[in-house]
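Visitor: Output the structure for:
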Amino acid sequence: MTKDELVAVVEASWRHLDSSVEGLDETAMLEPGVVGDWSIKDTLGHVTACDGLVVLYLERRRRGEPQPEGDGDSVDEYNAREATRRRGWSLAHILDEAADIRGRLRTLLADLTDEEWEEQVTINGRQRRLGEWAGDELGGDDGPGTHAAEHAAEIESWRAAHERRGGS
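Guide: Below you'll find the model as predicted:
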């Protein structure tokens with residue numbers, strides 16, 4: 001996948017996520033049970049935390065700093081830790097963080113040269129192209145760059161069930 005293709009998929013994935021929550025009030029956004037025990041707020045925080053890992057790596061790389069050391073957590077442990085860290089945050093704080101991370105990620109991806117995109121990097125002991133790593137980190141079950149859309153589909157399913165039960 002080229003950089004431009006990945007950017008297009010990520011942007012479409014974010015648009016899908018944004019449209020999945022459009023029109024919901026804060027009460028609905030805070031209701032648990034959307035993705036497992038998570039609320040929509042929690043799910044948005046999760047997507048942002050994952051996107052933030054890519055931002056962290058690319059910013060450190062740009063500054064010539066070593067990559068952050070993996071903490072040995074499994075994906076589930078990381079997700080639980082990040083969810084706990086954001087639990088007390090307001091919905092507005094979560095949305096502000098998402099906007100910040102998205103903006104920084106857009107800039108970082110846009111600034112990567114084709115040579116950097118193709119560069120072989122070793123991240124968490126695994127060697128691959130920088131572009132492949134970025135796509136995988138931003139990916140969901142449907143492939144590179146689709147993480148936000150994967151959770152958007154879960155939110156849409158929850159909304160449909162919620163509306164059948166008489167929710168708003």
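Visitor: which residue is nearest the centroid of this protein?
Guide: With distances taken as C-alpha atoms, centre = their mean, the residue of the chain nearest its centroid is V47 (3.0 Å).
Visitor: and the residue lying closest to it once chain neighbours are set aside, what does it touch?
Guide: Spatially, and ignoring its direct neighbours in sequence, V47 is nearest to A148 (5.0 Å; C-beta to C-beta, 6 or more residues apart in numbering). Quick note: C-beta positions are derived from backbone N, CA and C, even for glycine. When the contact criterion is C-beta atoms under 8 Å, 6 or more residues apart in numbering, the partners of A148 are V10, S13, W14, H16, L17, V47, D51, G140.
Visitor: Assumed A148 was part of a strand.
Guide: No: A148 sits outside any strand when classified using DSSP: H, G, I helix; E, B strand; the rest coil, being helix.
Visitor: any idea how far H16 is from it?
Guide: In this structure, A148 and H16 are 7 Å apart, going by C-beta to C-beta, to the nearest Å.
Visitor: now Q67
Guide: Distance from Q67 to H16, by C-beta to C-beta: 30 Å.
Visitor: More neighbours: which of these two?
Guide: H16 (18 against 14; other C-beta atoms under 10 Å).
Visitor: which helices and strands does the lengthiest helix in the chain pack with?
Guide: Longest among the helix segments of the chain by residue count, using DSSP state H, is helix 40-62. Contact here means 3 or more C-beta pairs under 8 Å, 6 or more residues apart in numbering; DSSP states H and E; on that basis helix 40-62 packs against helix 3-21, helix 26-30, helix 75-86, helix 91-111, helix 130-137, helix 147-164.
Visitor: What is the distance between it and the centre of its chain?
Guide: With C-alpha atoms, centre = their mean, to the nearest Å as the basis, helix 40-62 stands 6 Å off its chain's centre.
Visitor: If anything else comes up later, I'll come back, but that's it for now.
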